[in-house]
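**Student:** fold the following.
(2 chains)
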Amino acid sequence: MRMSLAQRVLLTWLFTLLFLIMLVLKLDEKAPWNWFLIFIPVWIFDTILLVMLIVKMAGRCKSGYDPRNGSQNIKKKAWYLIAMLLKLAFCLVLCAKLEQFTEMKLVYVFIPLWALLAGGIIELGYNIFRARRD
Amino acid sequence: MLFSLRELVQWLGFATFELLLQAGALALFSLLLVLKLDGVAALSWWGVFGPFFAADGLSTYFTAIVSVRLFQDGEKRLAVLRLFWVLTLLSLNLKFVFEMLLCQKLVEQTPELWYGLIMSPVFILLQLLMIRACRVN
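**Tutor:** Just a heads-up that it's a prediction; the model follows:
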């Protein structure tokens, strides 16, 4: 069963709103919480997305699955999975840095984000030029 | 992932090229931010936020051209709606105001400018995006 656009938007909107409210409370020093607690909406949202992605990928392993069934190819799904893990890694390292659990330089914290952005930019560029070629 | 590119374009009201522009600006901004915070380069906060301002400017320019073309082709309603939406989102209001306020706060560290106030354009933006999603759906 696929969620409608409104349901997916509502899910994204709700978790973004919750995260922003908690972030504002933390930055304005109204809530003396740990940074890992502030990121709870992000952890929950990422977990939902990861579970949805893994269930979709696992659906290919079912017997009788026809790969020509019009579904997205496995390479694209694998890229989405890597992108999710990169985002999760960035958020985890950022929280660890903000909580001063580690003394690492900021450049190492941002490496997963840059990898994610590079992949996203390549995909967007590919879509633009493919559309132009067609 | 959660949304296809086509759904994102419909929902956000941006062309794919504009999304690419904003993603590029975010990458450049994060690079400059790291250079500043790691003490590698002595950049001002206005310089660090420069890529976002440039992307907003280019996006507005792109939208103006698209709107003029749409207007010439007789799609007047579509042209006005697109121009109005992008101007609300990027150049005149929400995103631009948020970036300006955040930059001001980081430069001057004024206690009157609290983060709830700085984030208020983002909260308005979220409500507008929710309304737009219902319309698109």
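**Student:** with just CA atoms, put stretch B:122-130 into CSV.
**Tutor:** Provided in CSV are the C-alpha atoms of stretch B:122-130 (Å, rounded to 0.1, in the frame of the first residue of the first chain):
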residue,chain,number,x,y,z
VAL,B,122,10.4,29.1,8.5
PHE,B,123,7.3,28.3,10.5
ILE,B,124,5.2,30.4,8.2
LEU,B,125,6.9,28.7,5.2
LEU,B,126,6.0,25.3,6.6
GLN,B,127,2.3,26.3,6.9
LEU,B,128,2.3,27.6,3.3
LEU,B,129,3.9,24.3,2.1
MET,B,130,1.2,22.3,3.9
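**Student:** so is that stretch next to chain A?
**Tutor:** Yes - using Cβ under 8 Å from any Cβ of the partner chain as the criterion, contacts between stretch B:122-130 and chain A involve B:Val122, B:Phe123, B:Leu126, B:Leu129, B:Met130. Where C-beta positions appear, they are placed from N, C-alpha and C, glycine not excepted.
**Student:** please narrow these to those residing in strands.
**Tutor:** Secondary structure assignment by DSSP state E places none of the residues of stretch B:122-130 next to chain A in strands.
**Student:** just the buried residues of those residues.
**Tutor:** If you count burial by 16 or more other Cβ atoms under 10 Å in any protein chain shown, the buried members of the residues of stretch B:122-130 next to chain A come out as B:Val122, B:Leu126, B:Leu129, B:Met130.
**Student:** of these, which pair is most distant in space?
**Tutor:** Pairwise distances among these were taken by Cβ to Cβ; the largest, 12.9 Å, belongs to B:Val122 and B:Met130.
**Student:** just to revisit the earlier point, CSV for the buried ones among the residues of stretch B:122-130 next to chain A, including pLDDT?
**Tutor:** As requested, these are exported to CSV (pLDDT from 0 to 100):
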residue, pLDDT
B:Val122, 91
B:Leu126, 89
B:Leu129, 86
B:Met130, 88
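**Student:** isn't B:Phe17 up against B:Phe62?
**Tutor:** Yes - counting by Cβ atoms under 8 Å, B:Phe17 sits close enough to B:Phe62 to count as a contact (6.9 Å).
**Student:** now the buried ones among the residues of stretch B:122-130 next to chain A in JSON lines, with distance to B:Leu70?
**Tutor:** Compiled in JSON lines, those are given as follows (distance: Cβ to Cβ, whole Å):
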{"residue": "B:Val122", "distance to B:Leu70": "29"}
{"residue": "B:Leu126", "distance to B:Leu70": "27"}
{"residue": "B:Leu129", "distance to B:Leu70": "22"}
{"residue": "B:Met130", "distance to B:Leu70": "26"}
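**Student:** and the helix-or-strand element of chain B with minimal mean pLDDT, what's buried?
**Tutor:** Using mean pLDDT, DSSP states H and E, helix B:76-86 stands out as the lowest-scoring helix or strand of chain B, at a mean of 80. By neighbour count, and taking 16+ other Cβ under 10 Å as the criterion, the buried residues in helix B:76-86 are B:Ala79, B:Arg82, B:Leu83, B:Trp85, B:Val86.
**Student:** and the longest helix for chain A?
**Tutor:** The residue-count maximum for a helix in chain A (DSSP state H) belongs to helix A:106-133.
**Student:** can you show me the strands along chain B?
**Tutor:** With DSSP E as the definition, chain B shows no strands.
**Student:** kindly report the residues of it close to chain A.
**Tutor:** Chain B has residues B:1-3, B:5, B:7, B:11, B:16-17, B:19-20, B:23-24, B:26-27, B:30-31, B:33-34, B:37-38, B:114-116, B:119, B:122-123, B:126, B:129-130, B:133-134, B:136-137 near chain A, with proximity defined as Cβ under 8 Å from any Cβ.
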